[in-house]
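>>> After the sequence you'll find the predicted model.
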Amino acid sequence: MRKAIDWHAQYFIPELLFFQNGCVFTGSVNNDGEKEFRYKLSPAQEAEEGADSDPPRRVILVEVWYGPFCYEKSTIEDRHSFPMDENGRQEAINWLAAKYEEMIPG
């Protein structure tokens, strides 16, 4: 059975400043009898489409995979980037919560 997670609980996912300072956050949820759900949120740079001369914009990159292995030894199931602002952080958390619901059966 899938654990109920409050993804928006204070300090469950670091605040925006954590990512703005270049820090990477990883976590996992272990559900009895199910695959371990693992995730990584990290700052990244992304070139905007059609903007060859513009500097890349900073984003929060969210990646998800099944455990038990670390990021480097795993197949990433999905990834998505979000703007490096508070709205983007909230969108990233919502996307992460949706992926958890999708990847781990209820």
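That came through, no problem.
>>> Please count neighbours and contacts with C-alpha atoms only from this point.
OK.
>>> S42 bridge partners, please.
L61 (DSSP bridges).
>>> neighbours around it, how many?
The local packing of S42 (other Cα atoms under 10 Å) involves 18 other residues.
>>> and the gap between it and P83?
12 Å (Cα to Cα, to the nearest Å).
>>> Just the buried positions in stretch 13-25, please.
For stretch 13-25, the neighbour count (16 or more other Cα atoms under 10 Å) marks I13, L16, F19, Q20 as buried.
>>> The third one falls within a helix, correct?
Right, the one you point to is F19. Yes. Counting by DSSP: H, G, I helix; E, B strand; the rest coil, F19 is part of a helix.
>>> so who does the residue nearest to N30 when sequence neighbours are not counted touch?
Spatial nearest neighbour of N30, chain neighbours left out: E36 (4.7 Å); criterion: Cα to Cα, 6 or more residues apart in numbering. Shown in contact with E36 (Cα atoms under 8 Å, 6 or more residues apart in numbering): S28, V29, N30, Y66, G67, P68.
>>> Fine by me, thanks again.
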